[in-house]
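Enquirer: Sharing a model prediction with you, sequence too.
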Amino acid sequence: MSRSKGDYFEDKAVEFLSSSGYSIIDRNFYAKKLGEIDIIASKDEVYHFVEVKSGDSFEAVYNITPNKLHKLLRSIEYYLKVKNLDVTYCVDAIIFAGEELEYLENITL
């Protein structure tokens, strides 16, 4: 996904989360050599680490591979360590098929 397309869908995801009562804590947190966390939000004292994916002619959710999920979990551990946080959290995904948004909570279960 191009950076501008990624930014567009991340902005739409932030709008959705904000209108759904989430507080946006951070965006595009880069964890050394591990990757990037697209959106970090909180609601009801739970941190939500949100991966944003988009696609037109395929199911974008399939881009969240076991390897990608592993790197994301390691990035979250790094984030929590750097920020000195001990919080309840989950990993969510916001998937766009064209302009249609699907929110998947706690995808690691």
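Expert: Now that the structure is in, tell me what you want to look at.
Enquirer: all contacts plus neighbour counts: C-alpha atoms, from now on.
Expert: Will do.
Enquirer: Surely Phe29 and Ala41 touch.
Expert: No: contact criterion C-alpha atoms under 8 Å: Phe29 and Ala41 do not qualify, at 11.9 Å.
Enquirer: And the two? Which one has more around it.
Expert: Per other C-alpha atoms under 10 Å, whichever of Phe29 and Ala41 has more neighbours is Ala41, with 20 against 15.
Enquirer: secondary structure element for that one?
Expert: Per DSSP states H and E: Ala41 is located in strand 35-43.
Enquirer: Need the residues that contact that strand.
Expert: 10, 14, 17, 21-31, 47-52, 71-72, 75-76 (C-alpha atoms under 8 Å, 6 or more residues apart in numbering).
Enquirer: Apply 6 Å and report the result again.
Expert: Here strand 35-43 makes contact (C-alpha atoms under 6 Å, 6 or more residues apart in numbering) with 22-30, 47-51.
Enquirer: Ok, stretch 74-93 next?
Expert: 31, 34, 46-52, 104-107.
Enquirer: 8 Å instead, please
Expert: Under C-alpha under 8 Å, 6+ apart, the answer for stretch 74-93 is 29-31, 34-37, 45-53, 103-108.
Enquirer: Out of these, which end up buried?
Expert: Neighbour-count burial (16 or more other C-alpha atoms under 10 Å) applied to these gives 31, 34-37, 47-53.
Enquirer: helices or strands next to the host helix or strand of Lys53 in the packing?
Expert: Using DSSP H and E, Lys53 sits in strand 46-55. Applying 3 or more C-alpha pairs under 8 Å, 6 or more residues apart in numbering; DSSP states H and E, one finds that strand 46-55 contacts helix 3-19, strand 35-43, strand 88-97.
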